[in-house]
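J.: Predicted model and sequence below, questions to follow.
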Amino acid sequence: MREHTVCFTGHREIRDGQLREPLARVVESLIHQGFLYFGAGGARGFDTLAADVVLELKAKYPQIHLILVLPFVNPFQRESGWTREEIARHQAQTKKASRVVYTQEAYSRGCYYKRDRHLVDCSSVCVFYQYKASGGTAYTTKYAREQGLKLINCAKSAPWQAAQKSRGC
């Protein structure tokens with residue numbers, strides 16, 4: 001299944017206002033290449049956008065599946081900053097996903113990294129949105145690179161990325 005699976009990772013703050021369309025084109029291209037499973041981590045920002053894109057494309061490609069890989073049950077109850085709209089969107093995605101995986105039941109130190117490693121370990125492609133070289137997204141893309149995944153960065157501006165080998169959206 002790994003050879004047919006894509007994972008997403010990205011920052012919670014989206015700086016590129018027109019990210020939805022390029023992301024949809026990348027996902028659709030991956031579908032045409034035979035990818036069927038799309039794993040997202042359920043966080044605000046890029047994870048949510050990626051899950052929305054997959055669910056929208058599922059109407060056109062019913063064979064594809066959104067797999068939500070969450071670090072624990074109801075992360076919005078632990079993290080600050082979730083709006084009511086974001087919580088409702090998260091809950092709707094959880095209901096529409098083909099599968100929801102919890103890497104553990106409750107929060108603990110390192111649970112987000114555990115979730116991120118699970119996403120990478122089950123995938124052969126990582127589509128990401130990264131514009132800085134630090135934080136959880138940087139950790140995940142570094143891990144994905146080390147594991148030999150094909151990497152596709154959807155950030156328009158990532159000056160630190162010049163030395164990195166990845167395709168763009």
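T.: Okay, I see it. This structure is a prediction, so every number in the text was calculated from the model and none was measured.
J.: quick one, strands of this structure?
T.: Ranges of strands in the chain, per DSSP state E, are 5-10, 37-40, 65-70, 99-102, 125-129, 150-153, 167-168.
J.: I'd like those as TSV, with mean pLDDT appended.
T.: Converted to TSV, these look like this (pLDDT from 0 to 100):
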stretch	mean pLDDT
strand 5-10	97
strand 37-40	98
strand 65-70	98
strand 99-102	98
strand 125-129	97
strand 150-153	95
strand 167-168	62
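J.: Ok, which of these comes nearest Asp16?
T.: strand 125-129 (7.6 Å; Cβ to Cβ). In short, each C-beta sits where N, CA and C put it, glycine included.
J.: What I need now is the strands of the chain written out in JSON lines, including distance to Ser80 and mean neighbour count for each item.
T.: Formatted as JSON lines, these follow (distance: least, Cβ to Cβ, whole Å; neighbours: other Cβ atoms under 10 Å):
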{"stretch": "strand 5-10", "distance to Ser80": "19", "mean neighbour count": "27"}
{"stretch": "strand 37-40", "distance to Ser80": "21", "mean neighbour count": "27"}
{"stretch": "strand 65-70", "distance to Ser80": "17", "mean neighbour count": "21"}
{"stretch": "strand 99-102", "distance to Ser80": "21", "mean neighbour count": "14"}
{"stretch": "strand 125-129", "distance to Ser80": "21", "mean neighbour count": "26"}
{"stretch": "strand 150-153", "distance to Ser80": "28", "mean neighbour count": "19"}
{"stretch": "strand 167-168", "distance to Ser80": "32", "mean neighbour count": "12"}
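J.: Rebuild these as a markdown table, extending it with distance to Asp52.
T.: What follows is those, written out as a markdown table (distance: least, Cβ to Cβ, whole Å):
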| stretch | distance to Asp52 |
| --- | --- |
| strand 5-10 | 11 |
| strand 37-40 | 9 |
| strand 65-70 | 9 |
| strand 99-102 | 16 |
| strand 125-129 | 13 |
| strand 150-153 | 18 |
| strand 167-168 | 21 |
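J.: Quick one: closest of the ones you listed to Leu119.
T.: When the strands of the chain are compared by Cβ to Cβ, strand 5-10 sits nearest Leu119, at 4.0 Å.
J.: And that closest one, how far out from the chain middle?
T.: Here strand 5-10 is found 4 Å from its chain centre; the criterion is Cα atoms, centre = their mean, to the nearest Å.
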